[in-house]
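Participant: Let me see the structure of the following:
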Amino acid sequence: MTPFGLKMRVLREERGLTQQQQADYLGVSKAYISALETGSRGRPSGPFVDQICAWLGLIWDDAEALQALATMSHPKPTIDASKCSADAVYLANLLAQNIRCLDAGQCKELSNIVESQLQSLKSAEMAG
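Facilitator: Now for the predicted structure:
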């Protein structure tokens, strides 16, 4: 399951709506909606996410948050580390080869570490 698929399912179920209703509104098959939710399909396009937001009645921050999740929900991401340091290449390969060994809590912990490091970089760039 992708972050986008999980959120879309939660929002749909909170509203008491079905996959079939969503599929009918969006002009796609129920199987496609299911595949988006489970992550067996790649991330949806921006305009398609906009249609989903309209169907769910999402505006402003909520719609923006769903769009952001969609961009981070490719089930088979690639990392181009070709112009990076040896340490970065190692990290990319370490994650690629071992991501399935990590449970949800470990993934969240690693994500928090990376996000914290990136926030520190952004703060340093803004300061100097």
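
Participant: Identify the residue spatially nearest to A63, adjacent ones excluded.
Facilitator: C53 (4.1 Å; Cβ to Cβ, 6 or more residues apart in numbering). For the C-beta atoms, the positions are set from N, CA and C on the backbone; glycine is no exception.

Participant: residues touching the one you found, list them.
Facilitator: Applying Cβ atoms under 8 Å, 6 or more residues apart in numbering, we find C53 in contact with 59, 62-63, 66-67.

Participant: how about a cut-off of 10 Å?
Facilitator: The neighbours of C53, taking Cβ atoms under 10 Å, 6 or more residues apart in numbering as the test, are 8, 11, 59-60, 62-67, 70.

Participant: which element is it on?
Facilitator: Using DSSP states H and E, C53 maps to helix 46-56.

Participant: Tell me the buried residues in that helix?
Facilitator: Neighbour-count burial for helix 46-56, counted by 16 or more other Cβ atoms under 10 Å, picks out 49, 51-53, 55-56.

Participant: give the contact list for T71.
Facilitator: Here T71 is in contact with 3-4, 43, 46, 49 (criterion: Cβ under 10 Å, 6+ apart).

Participant: State the pair within these that is farthest apart.
Facilitator: P3 and G46 (16.0 Å; Cβ to Cβ).
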